[in-house]
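> just the structure for this:
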Amino acid sequence: MPDEITKTQDRPRPLAEVMTLPGLLRWRVALTPGGEAYRQYDATAGRWASYSWQQIDAEFERWRRALAAEGFAAGERVAILMPNGIAHIAMDQAALSRGLVPVPMHAVDNPDSIAYILDDSGALLLFVDTLERWQAIVATGQRLDNLRRVVCASLSGTSGAAADARVVALDRWLDAQASGSAMADVAVRADDLAAIVYTSGTTGRPKGVMLSHGNVVANVKAIARRIAAEPDDLFLSFLPLSHTFERTGGYYYPIAAGACVAYARSVPQLSQDLKHVQPTVLISVPRIYERIFALIMQHREAAGRVERALLDLTLAVGGRRFDARQGRRLPSLFDRLAWPILKRFVADKVLAQFGGRLRVAVSGGAPIAEPVIRLFLSLGLDVLQGYGMTETSPVVSVNTPDENDPRSVGHVLDGIEVRLGEKDELLVRGPSVMLGYWHREEETRRVKEVDGWLHTGDQARIERGRITITGRIKDILVTSTGEKIAPVDLETAILADPLFEQAFVVGEQRPFLTALVVLNAKAWEQEQQRLAGVGKRGEDAERAALLLRIAAAVKNYPAYATPRAVSWSLEPWTIAAGLLTPTLKNKRPALEHRFAAEIEQIYARKPPPAASSER
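Numbers count the residues shown, from 1 in each chain. As a prediction, this is how the structure comes out:
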């Protein structure tokens, strides 16, 4: 057994002495072998299956043996293109135990972006959910000569493998090494790579953030000192495991806490899973809270006078109770007497949408609007806003139930230093700051100083260790799902299509991107004639055609960077109208103001489906 979990007087060493991610898992299994570790829905049996730490470690052992048989050297990369679930973390844990480097990828990303990441990372193995997904990657034409093995989760037996000798079904891959003694972990150090997590760069192409074992473990320990989850806590995981927020906060941290993680079946089934699983801790980007907030407000509008008055009274009393708890006012006798009744008949019924047992909800990845977070705080749910970025593993600061200012992102975690640079840019230094960008030394030097200070690109205020984000230095959009996108790069790509004369991408704190475009009159006339020739007429057909053209133009960018709505015109934006600079660059605030009504109408409608680049 690895040295870092050897026992002293029959007791595992404390968490403080764990230095690597394989060591973290071994430490937890030794500490509470019979505790519940994971739940996952078994579609075949039609029920939720539960696994103890000892049972899950035995399952991981099959993956360790199979991966060891590939003969990869320590430090080689293993790419994981899978939805959340035990299979995903089993490959992750197997890779970590062999000294390999996981490369988690967005399960819904487009094939071009995936192919780029596979090539850039030099991954030797790809774990993918379906053969169709792999075939779509191959169809991009990207040479993937580094790949030696493609393990396909849904491939049965040998079907589909004949076309490419590298492809193997998961069951065959695991069964080939089913027997044998337990695999000893390959020795890894704290400064060895634990993941390359790709995030959008200013060039538009994803860039790989190199996180070491020490980076991630340090962040896990700091989170544990700030927000203490308990062994009887239950997390519901639905954010992609390729998202560092979920990876650290919803995967590695529960191992440290000994808490159970249940994997949601899918985002469309999230509402059902919340009510069935009844989690006590939820980690999410603002979008889930925004959706429930919208449902509550819609219900309020449709409710009768009495029901509406009761909800308003509950929010008023609950809001004052929250402020009193934070020491910002004195509690009144009326509020103390009224709250138990309002909680039982109003607040608890509203919060039942989260399952009824939720005690802590963490929001990160993007700012959350104050009215949204205040509503849940007033209902008695501790929603804790935090701040971080992939480059910091990711958490830098977070509020706590006892010190919760919803206008801020909380106090800095222990062991992390922050200061303000030029233009009030937030700088961060500490053990969780990345090693750098994979194969991008120049970009690393631009954001990380020699003495370790990381430039976040965000403007902030720091008051007695509490951080408030006030803006951004860099021109980056952050959607309500936490994705960071450089709009200028998308606009440049769109303008490569001669149909588009001008382009402007919006989506800040929105669930998807929208492109506002000015069309070339002649090219648009031709496109309309083409559509008419195949029987497609009218605004809906034109909108769909434009979205396909835009999707094709930005196909080399991550899937979440593809605009899902479009507004078009033949009237150019001009310098005289104040919409362009003298060098013909977009004046973003002016354009947003000019088209505010159109933008609001787009986002008020039902979210459109993701566009396909096929024509």
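> would you map out the domains in the chain?
The domain map for the chain lists 1-31, 52-188, 486-604, with the assignment taken from automatic domain parsing.
> next, format those as a markdown table and append mean neighbour count, mean pLDDT and distance to residue 380.
Any C-beta I mention is one placed from the backbone N, CA and C, and that applies to glycine too. A markdown table is the format used below for the domains of the chain (neighbours: other C-beta atoms under 10 Å; pLDDT from 0 to 100; distance: least, C-beta to C-beta, whole Å):
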| stretch | mean neighbour count | mean pLDDT | distance to residue 380 |
| --- | --- | --- | --- |
| domain 1-31 | 17 | 77 | 31 |
| domain 52-188 | 19 | 91 | 29 |
| domain 486-604 | 17 | 89 | 25 |
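> okay, the ones you listed in a markdown table with distance to residue 355 next?
Listed next are the domains of the chain as a markdown table, based on distance: least, C-beta to C-beta, whole Å:
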| stretch | distance to residue 355 |
| --- | --- |
| domain 1-31 | 25 |
| domain 52-188 | 18 |
| domain 486-604 | 23 |
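> out of these, flag the one nearest residue 390.
domain 52-188 (11.0 Å; C-beta to C-beta).
> for that closest one, what is the distance to the chain centroid?
Centroid separation for domain 52-188 versus its chain: 21 Å, with C-alpha atoms, centre = their mean, to the nearest Å.
> gap between the two ends of that domain?
End-to-end distance for domain 52-188: 26 Å, by C-alpha to C-alpha, to the nearest Å.
> got the phi and psi for residue 398?
Note on residue 398: backbone dihedrals following degrees, to the nearest 10 are phi -160, psi 150.
> residue 338 now?
As for residue 338, its main-chain torsions (degrees, to the nearest 10) stand at phi -80, psi -30.
> quick check: chain neighbours aside, which residue is closest to it?
Spatially, and ignoring its direct neighbours in sequence, residue 338 is nearest to residue 317 (5.4 Å; C-beta to C-beta, 6 or more residues apart in numbering).
> can you tell me how far the one you found is from residue 339?
6 Å (C-beta to C-beta, to the nearest Å).
> compare those two (neighbour count), which wins?
Using other C-beta atoms under 10 Å, the more surrounded residue of residue 317 and residue 339 is residue 317, with 23 against 18.
> mind giving me the packing neighbours of the longest helix along the chain?
Using DSSP state H, we find that the single longest helix of the chain is helix 305-325. Judged by 3 or more C-beta pairs under 8 Å, 6 or more residues apart in numbering; DSSP states H and E, helix 305-325 is in contact with helix 286-302, helix 333-342, helix 370-378.
> by contact count, what packs against the second one?
This points to helix 333-342. Taking 3+ C-beta pairs under 8 Å, 6+ apart as the contact cut, helix 333-342 packs with helix 305-325.
> what are the buried residues along the helix it packs on?
Residues of helix 305-325 classed as buried: 310-311, 314-315, 317-322 (neighbour count, 16 or more other C-beta atoms under 10 Å).
> which residues does the residue nearest to residue 338 contact?
Contacts for residue 317 were tallied using C-beta atoms under 8 Å, 6 or more residues apart in numbering; they are 334-335, 338-339, 342.
> tell me the one of those residues nearest residue 26?
Nearest to residue 26 among the contacts of residue 317, counting by C-beta to C-beta, is residue 339 at 45.9 Å.
> my guess is that closest one contacts residue 318. True?
Yes: Residue 339 sits in contact with residue 318 when judged by C-beta atoms under 8 Å, with a separation of 7.1 Å.
> most centrally placed residue in the protein?
Nearest to the geometric centre of the chain sits residue 243, at 3.5 Å (C-alpha atoms, centre = their mean).
> show me what contacts that one?
Contacts of residue 243 by C-beta under 8 Å, 6+ apart are 365, 482.
> if I look at it, how far off is residue 237?
Going from residue 243 to residue 237 by C-beta to C-beta gives 11 Å.
> now do the end-to-end distance for stretch 551-560.
Chord length of stretch 551-560, first to last residue, is 11 Å (C-alpha to C-alpha).
> chain center to it: distance?
For stretch 551-560, the distance to the chain centre is 18 Å (C-alpha atoms, centre = their mean).
> rewinding a little: any chance of TSV for the buried residues of helix 305-325, columns distance to residue 587 and pLDDT?
Converted to TSV, those look like this (distance: C-beta to C-beta, whole Å; pLDDT from 0 to 100):
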residue	distance to residue 587	pLDDT
310	47	96
311	42	97
314	44	97
315	39	97
317	45	97
318	42	97
319	39	97
320	43	97
321	45	96
322	40	97
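> thinking again about what came up before, any idea which of the helices and strands packed on helix 305-325 is most buried?
Scoring the helices and strands packed on helix 305-325 by mean neighbour count under mean count of other C-beta atoms under 10 Å gives helix 370-378 as the most buried, with a mean of 20.
> is residue 541 in a helix, a strand, or coil?
Put simply, residue 541 is helix when judged by DSSP: H, G, I helix; E, B strand; the rest coil.
> quick one, what contacts it?
Residue 541 sits next to residue 531 when contact means C-beta under 8 Å, 6+ apart.
> ok, 10 Å please
If a contact means C-beta atoms under 10 Å, 6 or more residues apart in numbering, then residue 541 has 528, 531-532, 534-535 as its contacts.
> return the subset of those residues lying in helices.
Judged by DSSP H, the contacts of residue 541 include 528, 531-532 as members of helices.
> now for residue 317 and residue 339: what residues contact both?
Both residue 317 and residue 339 are contacted by residue 347, under the criterion C-beta under 10 Å, 6+ apart.
> now the strands for the stretch 501-615 of the chain?
Assigned by DSSP state E, counting those that start in this stretch, the strands in the stretch 501-615 of the chain fall at 514-519, 565-569.
> and residue 44, helix, strand or coil?
Three-state call for residue 44 (three-state DSSP): coil.
> what is the neighbour count of it?
6.
> sorry, back to before: what's the closest of the helices and strands packed on helix 305-325 to residue 164?
Proximity to residue 164, assessed across these by C-beta to C-beta, is greatest for helix 286-302 (37.4 Å).
> chain center to that closest one, what's the gap?
Distance of helix 286-302 from its chain centroid, counting by C-alpha atoms, centre = their mean, is 21 Å.
> alright, calling it a day.
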